[in-house]
Every structure is written in C-alpha cells, then in structure tokens.
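**Student:** the following comprises the amino acid sequence and a computationally predicted model.
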Amino acid sequence: MDTPSQVLGLCLCLVALAYSSPTQKKQPNIVFAIIDDIGWKDVSYHGANYQTPTLDALAKDGVKLDNYYVQPTCSPTRSAFLTGHYPYRMGLQHLVIIAGSSQHVPKDVPMMSEVLRKHGYATHAIGKWHMGYSSFDYTPTGRGFDSHVGYYQAMEDYYTKHTCLSQPVNGTICGLDFWHNRTYTRATSKQYSTDIYRDEALKLINAHNPQQPLYMLFALQALHLPLEAPPQPKYMQACDHIKDPLRHVYCAMATAADDAIDQVIGALKAKDMWNDTILVVTTDNGGMPGLPGNDFKSAGCNMPYRAGKATIFEGGVKGLGFVHSPLIPKAARGKSVTGLMHAVDWSPTLLSTTSAPLPAGMDGINMWPAIIGANTTLGHDELVLNLDAHKIPPDDFVDRLDRELQVFLDKILGHHNPIPNPTNAIRVGDWKLIYGKPFYDGWYPEAPAKVIPPPHMNKTKLPTYLFNLATDPYEHHNLADKYPKKVQELTERMQYYHKKNYRPAQDIFPHLLGFPELHHGVWAPFQKGGN
C-alpha cells in the first residue's frame with residue numbers, strides 16, 4: 001500500500017512532466033526581466049528602506065532563489081543567461097564589454113533566443129544588451145531576436161542616451177547609443193529609459209498574437225549608474241523619508257522599475273496571456289554601493305553580504321532572483337529553491353518548458369523540477385564563480401593586462417582609481433575559495449551608514465580567501481591559513497575546469513574604428529561579419 005508521502009511524490013513527478021514535456025499542448029510565454037545592478041537588500045522583502053510592492057507580491061506568491069549565483073559584472077552574467085555557458089569558456093570572464101571593443105558572445109555558442117525562434121516563438125529584446133555590438137551579427141537582431149529597442153553598451157544617460165569613453169590621447173569621447181533594431185535614433189533623447197522600455201513592452205504585448213508563444217527579454221537600465229531620477233514627481237515623493245541624496249534617487253529609480261513590471265503584468269493579463277506565462281526577475285550582479293573617494297557614485301546595498309558588484313565576494317555574486325508563474329503548482333508557491341543555482345541554468349531550465357531541444361555543451365542544469373517543487377534537493381554540487389588567469393593558482397594578482405589597464409585609467413582620470421583585478425573563485429559544497437585582490441572590500445549598509453572595514457590581509461602575497469558558507473555565510477572569517485588542505489582540494493577543482501575548457505579573455509581595448517566620430521556621433525557597429 002502506498003504511503004501518503006509516496007502518493008505526494010508521484011503527484012509532484014507527474015506535475016513536473018506536465019510542465020516540462022516537449023509534447024505539452026501549449027508552449028509558455030517567457031518574460032525574462034533583468035533589473036540592472038539591483039542588490040540583495042534593494043527590495044523591501046529583504047529589508048530595503050523603501051517599498052517595492054510589485055516585486056514583494058510576486059516573490060511572496062512565487063518561488064524565491066535563496067542559493068542563486070550570478071557573475072560579478074554585467075556582460076559575463078548576461079552571456080551566461082542566454083547561452084548556459086560559463087563566461088570563462090567564451091572569453092568573457094574579464095571585466096565587461098567596453099564601448100569600441102570587439103568583444104562578443106561567440107557565434108558558435110547558441111543563444112536561447114535563437115533556439116526559441118526556430119521553434120515558433122516571437123522573440124523581442126528590450127533595453128540593455130551588452131553582449132557585443134562591433135558587428136550587427138553580435139547584436140540582438142543578429143542573435144535570434146525579431147526586434148530590439150534599447151542600447152548596446154554598459155551604461156548611458158537615462159535621458160540623452162549618450163555614453164562616454166575616456167582615453168588619454170583624445171580625452172573623453174561621447175556618443176549616442178540608442179537603437180530600434182539596426183537603426184539608431186535620437187527621437188527619445190528627452191524620455192526616461194524606464195518609461196521607454198515599459199511602453200515598448202506594452203506595445204509588443206498589445207500587438208501580439210496569443211496563439212504564438214512569446215519570449216521577451218525585458219532588460220531595464222535601472223538601477224545602473226548614473227543615478228538619475230524619473231521625471232514623475234510621485235517616485236521621488238515616495239522616497240522623501242530617505243535623507244541620503246544618492247539613496248533617495250536610487251529609491252525613486254527602484255520604485256519606477258517596480259511599477260513598470262506591474263504594468264507589464266497588467267498588459268499580459270489584459271491580453272489573456274498571463275496564465276501561460278513564466279516570469280523570471282533577476283539581477284545581473286550584486287548592487288553597486290557608494291564607494292568613498294572614487295568615481296562610482298551609487299547607492300546599492302547587499303547587506304548582510306560582503307562587498308558588492310565587481311567583486312567575487314557574496315555581495316557581488318549572490319543573486320537576487322525569483323520565478324513567478326500561474327504554471328507553478330500552488331503547493332510550490334511561496335517557497336524557495338535552496339539548491340545551488342547559477343546564471344548558466346536559465347537557458348536549460350526555460351528551454352525545458354518548451355518543445356525546443358537543449359543545445360549541446362551547456363554548463364547549466366534544468367532547475368525547473370526544483371522550481372515547481374518536484375525535486376527539492378536539485379542543484380549543483382559545485383560552481384565555477386570565475387576563472388580569469390592563465391594558470392591556477394595565478395602567479396600574481398595583477399597580470400600584465402591589468403597593469404596596462406591601470407596605467408591607462410590613471411592617465412584618463414588624472415588620479416589613481418582602482419579597477420577590478422582578475423579574480424578566480426569556485427564553490428564546492430559549502431566551501432568557497434577565492435584567488436585575487438578584490439576591487440574593494442568591506443560591508444556596505446544603506447547610506448549614510450558607515451562602511452564596515454574588512455579584516456587586515458597580508459599584502460605581500462597573492463590574496464587567498466577560504467570561507468565555509470554554512471557557518472559563515474557573510475564571509476567574516478578567512479580560513480585559508482587554517483585549512484591548507486581544503487585550499488589545495490578546491491584549487492585542484494579549479495585546475496580541472498581550467499584545463500578542461502578555459503578560453504583566454506577576449507581583447508577588451510577599444511578600436512579606433514569604433515569611435516563615434518566615424519559614425520555620425522554614434523557608438524555603432526564597425527565590423528562586417530565580425531571581420
């Protein structure tokens with residue numbers, strides 16, 4: 001006779017099959033929403049000092065991702081989202097794609113958008129791309145999207161849509177970066193980007209044929225630098241209780257983003273598409289805190305985790321994320337996935353809910369059974385958080401490339417402004433090993449609270465960190481000297497992955513042919529077919 005637990009287990013397995021089988025009658029709509037640079041404590045359900053009611057409600061009645069990792073910066077994470085490959089396998093592990101550079105997601109690595117379009121989906125990209133632009137072949141409409149409204153680079157002014165690159169020979173070079181498919185436009189130069197992307201999503205949904213499945217990449221510019229308030233007074237007024245000026249603006253930006261997602265959901269409901277939709281909301285890296293004494297004037301918060309964006313500490317790679325969908329069984333809603341999950345898992349996870357096959361060679365795993373409660377123990381045993389050195393362990397924490405970059409930026413800025421150095425990290429079970437000097441360090445509460453400084457480190461040798469995240473989730477105690485055998489054990493796992501499929505980082509330096517002066521003042525593609 002079957003026990004109640006056996007019956008429940010059978011039911012959950014049947015549910016998993018129902019929502020992941022390629023033979024299901026209707027493929028789900030997929031809305032993949034990225035809130036740029038949103039930190040762990042930048043939502044009110046994690047204790048932010050402002051309200052995000054839409055995100056709170058979606059997470060509460062959805063499935064939170066409590067052990068979810070991303071990369072420390074934008075381009076590497078976004079490339080992992082869409083390909084299911086670790087960035088170090090594509091040469092995208094170092095810093096981010098810079099304006100004027102030829103870096104890109106390799107064309108021989110399939111993107112989820114390309115796979116879905118081949119299997120009947122309407123595919124639309126909205127907002128930030130940042131996965132390559134030197135050739136139109138590397139832009140959204142060259143990588144499986146039917147349409148794109150947005151920008152290619154890391155950041156830009158929310159109103160003018162201009163972004164700048166500083167360099168020592170010709171000074172600061174600025175150009176427009178705003179596109180409708182493959183045509184640049186200056187028509188939106190006075191509109192706030194969050195409003196533009198919300199309106200584009202509403203337009204696409206209203207015009208969409210519900211009989212065709214929809215895949216929408218909804219990649220908001222907020223909350224990335226520069227901090228610029230929305231034009232509607234209500235958003236700043238909702239944040240008047242915050243006295244720190246940067247956090248005040250940050251709050252208004254977050255409130256506007258929260259409202260935009262609410263309106264997108266409203267449009268899906270009005271079109272009778274919501275009940276067949278899977279919504280993913282995720283960051284692309286940890287929040288960027290305000291760093292005293294340098295040019296990064298932001299106000300993100302990742303407390304209680306250490307540091308933030310551009311570091312490999314938990315504050316930089318422990319991702320904020322959740323899934324919400326009427327397709328998730330009611331018994332699984334309001335719960336959390338506790339197994340180890342990574343940005344590389346989104347492609348296999350979401351493709352598994354469709355009729356599309358999974359491309360070969362992915363590093364990610366299908367986490368859908370965990371999301372719908374059919375396999376609560378599912379997850380990775382180990383994660384490669386980054387590999388960015390010619391050998392493991394590295395010879396030195398600043399290699400030749402970064403020495404050149406540091407000199408380059410010092411000349412630009414007229415003062416020493418540290419840049420992220422190569423970092424290498426792996427998590428195996430509860431243990432995490434890091435090699436490399438962090439861009440910055442410490443714990444950053446919501447401004448204007450004072451930064452909590454990190455413990456003293458021996459600066460005469462390669463910085464090495466070992467943490468037991470089961471007993472020390474916030475990385476207060478470096479155990480590298482205490483457990484050298486554990487350091488060696490994790491080092492050998494790094495070496496295994498490095499030997500197996502490491503690809504040297506692509507050249508990040510800008511090309512003169514990419515400068516806006518040669519393209520009517522626009523950061524435009526400057527190569528044909530990648531040549």
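**Tutor:** Yep, that arrived.
**Student:** what's the pLDDT at Val407?
**Tutor:** On the pLDDT scale, Val407 is placed at 56.
**Student:** got the residue ranges for the strands in the stretch 151-300 of the chain?
**Tutor:** Taking DSSP state E, counting those that start in this stretch as the criterion, the stretch 151-300 of the chain contains strands spanning 162-167, 171-176, 179-180, 183-184, 214-219, 277-282.
**Student:** ok, which stretches of this structure are helices?
**Tutor:** Secondary structure of the chain (DSSP state H): helices at 4-20, 53-60, 74-83, 112-118, 193-207, 233-237, 245-270, 314-317, 346-351, 368-371, 400-413, 484-501.
**Student:** need the winner for burial among those.
**Tutor:** Highest mean neighbour count of these: helix 314-317, a mean of 30 (counted as mean count of other Cβ atoms under 10 Å). Bear in mind the C-beta positions are built from the backbone N, C-alpha and C, glycine included.
**Student:** name the surrounding residues that touch that helix.
**Tutor:** 39-40, 69-72, 285-287, 302-303, 305-310, 385, 425, 443-444, 469, 473-475 (Cβ atoms under 8 Å, 6 or more residues apart in numbering).
**Student:** distance between that helix and the chain's centre?
**Tutor:** Centroid separation for helix 314-317 versus its chain: 12 Å, with Cα atoms, centre = their mean, to the nearest Å.
**Student:** export it to CSV, keeping only CA atoms.
**Tutor:** Only the C-alpha atoms of helix 314-317 are listed here, as CSV (Å, rounded to 0.1, in the frame of the first residue of the first chain):
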residue,chain,number,x,y,z
GLU,A,314,28.9,37.1,-1.8
GLY,A,315,27.7,40.7,-2.2
GLY,A,316,28.9,40.6,-5.8
VAL,A,317,27.7,37.2,-6.9
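**Student:** next, count neighbours for Phe296.
**Tutor:** 18 (other Cβ atoms under 10 Å).
**Student:** residues touching it, list them.
**Tutor:** Phe296 touches Leu225, Met288, Gly290, counting by Cβ under 8 Å, 6+ apart.
**Student:** state the distance from it to Pro326.
**Tutor:** 40 Å (Cβ to Cβ, to the nearest Å).
**Student:** thought Glu200 was touching Ala267, still the case?
**Tutor:** No - if you go by Cβ atoms under 8 Å, Ala267 and Glu200 don't touch, sitting 11.2 Å apart.
**Student:** re the thing from before, indicate which one of the helices of the chain is closest to Pro455.
**Tutor:** helix 314-317 (15.4 Å; Cβ to Cβ).
**Student:** so for stretch 88-96, mean pLDDT?
**Tutor:** On average, stretch 88-96 scores 94.
**Student:** show me what it is in contact with.
**Tutor:** 71, 73-76, 79, 83, 86-87, 103, 105-106, 109, 130, 154, 363, 384, 386-388, 401, 419-420, 422, 497, 501-506, 508.
**Student:** quick check: end-to-end length of that stretch?
**Tutor:** 12 Å (Cα to Cα, to the nearest Å).
**Student:** so Ser147 is in contact with His124, correct?
**Tutor:** Yes - if you go by Cβ under 8 Å, Ser147 and His124 touch, sitting 5.0 Å apart.
**Student:** what do these two both touch?
**Tutor:** What both Ser147 and His124 touch, as defined by Cβ under 8 Å, 6+ apart, is the set Leu204.
**Student:** more neighbours, these two?
**Tutor:** His124 (23 against 15).
**Student:** now do the contacts for the more buried one.
**Tutor:** Here His124 is in contact with Phe145, Asp146, Ser147, His148, Leu204, Leu214, Tyr215, Met216, Leu217 (Cβ under 8 Å, 6+ apart).
**Student:** still on that earlier bit, okay if I get the strands of the stretch 151-300 of the chain as CSV plus mean pLDDT, distance to Lys482 and mean neighbour count?
**Tutor:** Shown next, in CSV, are the strands of the stretch 151-300 of the chain (pLDDT from 0 to 100; distance: least, Cβ to Cβ, whole Å; neighbours: other Cβ atoms under 10 Å):
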stretch, mean pLDDT, distance to Lys482, mean neighbour count
strand 162-167, 84, 43, 18
strand 171-176, 88, 48, 17
strand 179-180, 98, 52, 19
strand 183-184, 98, 56, 13
strand 214-219, 98, 42, 25
strand 277-282, 98, 35, 22
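**Student:** picking that back up, who wins for most neighbours among the contacts of Phe296?
**Tutor:** Neighbour-wise, the contacts of Phe296 (other Cβ under 10 Å) top out at Met288, 28 neighbours.
**Student:** ramachandran angles for it?
**Tutor:** phi -90, psi 110 (degrees, to the nearest 10).
**Student:** any idea how far it is from Asp42?
**Tutor:** Counting by Cβ to Cβ, the separation of Met288 from Asp42 is 10 Å.
**Student:** for these two, list the residues in contact with both.
**Tutor:** Shared contacts of Met288 and Asp42 (Cβ under 8 Å, 6+ apart): Gly300.
**Student:** so what's the residue nearest to Asp244 when sequence neighbours are not counted up against?
**Tutor:** Distance criterion Cβ to Cβ, 6 or more residues apart in numbering; nearest residue to Asp244, sequence neighbours excluded, is Ala447 at 4.1 Å. The neighbourhood of Ala447, defined by Cβ under 8 Å, 6+ apart, consists of Asp244, Leu246, Arg247, Pro289, Gly290, Ala299.
**Student:** what's the pLDDT at the third one?
**Tutor:** In this prediction, Arg247 carries a pLDDT score of 96.
**Student:** contact partners for it?
**Tutor:** So Arg247 contacts Asn49, Ala299, Glu446, Ala447, Pro448 (Cβ under 8 Å, 6+ apart).
**Student:** try 10 Å this time
**Tutor:** 42, 48-50, 227, 239, 254, 290, 298-301, 446-448 (Cβ atoms under 10 Å, 6 or more residues apart in numbering).
**Student:** show me which of these are buried.
**Tutor:** 42, 48-50, 227, 239, 254, 290, 298-301, 446-447 (16 or more other Cβ atoms under 10 Å).
**Student:** kindly indicate which of these lies nearest Ala260.
**Tutor:** Among the buried ones among the contacts of Arg247, and counting by Cβ to Cβ, the member closest to Ala260 is Ala254, at 10.7 Å.
**Student:** give me the residue ranges of the stretch 51-200 of the chain where confidence is low.
**Tutor:** 167-171 (pLDDT under 70).
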